[in-house]
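Colleague: the sequence and its predicted three-dimensional model are supplied below.
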Amino acid sequence: MESLPPRHLSDHEYTRLLGFRAGLRRFLRWSEERAAEVGLTATQHQLLLAIRGHADPQGPTIKELAAYLCIRHHSTVQLVDRVEQLGLVVRKRGEGKDRRVVRLRLTEHGEDKLSLLSAPHLEELHRLALVAGLSEPVAATAETP
């Protein structure tokens, strides 16, 4: 496959890219600080959100969580092990022919931790969208395999 020559960007486009990336980094730093305030790492917070925000009411699988978090399967298992030890999530094995499928659910304690973080995050995203001149924050979705 032949690669196309790079397109030369205008000064304005570089400025917009810088503003977006800097804003994204500031949001991520802000988010890490909020997670730490409730005793979580940023990745643990993201895991709780991925479990709670998953569309299937039975909960996501490890494979689905790995896709949401953009990390490898074994890293996801280790993360789930640590968060399970904290009492934030439980594993639920499928029934019947789905016995090999393990899905995750938040515990009440996990729901409480996530709840402490969710409203401030939505408020911050809304603030950032207004600052950036967007009418609504951009929704992120994970590609599920």
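Modeller: Sure, I can see it.

Colleague: show me where this protein has strands.
Modeller: Assigned by DSSP state E, the strands in the chain fall at 89-93, 102-106.

Colleague: got those strands as TSV, with mean pLDDT and mean neighbour count columns?
Modeller: Where C-beta positions appear, they are placed from N, C-alpha and C, glycine not excepted. Formatted as TSV, those follow (pLDDT from 0 to 100; neighbours: other Cβ atoms under 10 Å):
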stretch	mean pLDDT	mean neighbour count
strand 89-93	95	15
strand 102-106	96	20
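
Colleague: count of residues packed around the nearest residue to residue 121 once chain neighbours are set aside?
Modeller: Spatial nearest neighbour of residue 121, excluding adjacent residues (Cβ to Cβ, 6 or more residues apart in numbering): residue 31 at 6.6 Å. Residue 31 is flanked by 18 other residues according to other Cβ atoms under 10 Å.

Colleague: does residue 31 touch residue 122 like I think?
Modeller: No - distance between residue 31 and residue 122: 11.7 Å, which falls outside the contact criterion (Cβ atoms under 8 Å).

Colleague: which helix in this protein has the most residues?
Modeller: helix 11-37 (DSSP state H).

Colleague: how far off centre is that helix?
Modeller: 16 Å (Cα atoms, centre = their mean, to the nearest Å).

Colleague: where in this structure is the helix or strand with the lowest mean pLDDT?
Modeller: Taking mean pLDDT, DSSP states H and E as the measure, the chain has helix 108-132 as its least confident helix or strand, at a mean of 89.

Colleague: got the angle between that one and strand 102-106?
Modeller: Interaxial angle of helix 108-132 relative to strand 102-106 (axes from the mean of the first three to the mean of the last three Cα atoms, to 10 degrees): 80 degrees.

Colleague: quick one: buried residues of helix 108-132?
Modeller: Neighbour counts over helix 108-132 (16 or more other Cβ atoms under 10 Å) mark 110, 113, 114, 116, 117, 121, 124, 125, 128 as buried.

Colleague: so the fourth one touches residue 40, yeah?
Modeller: No - Residue 116 is not in contact with residue 40 according to Cβ under 8 Å; the separation is 9.4 Å.
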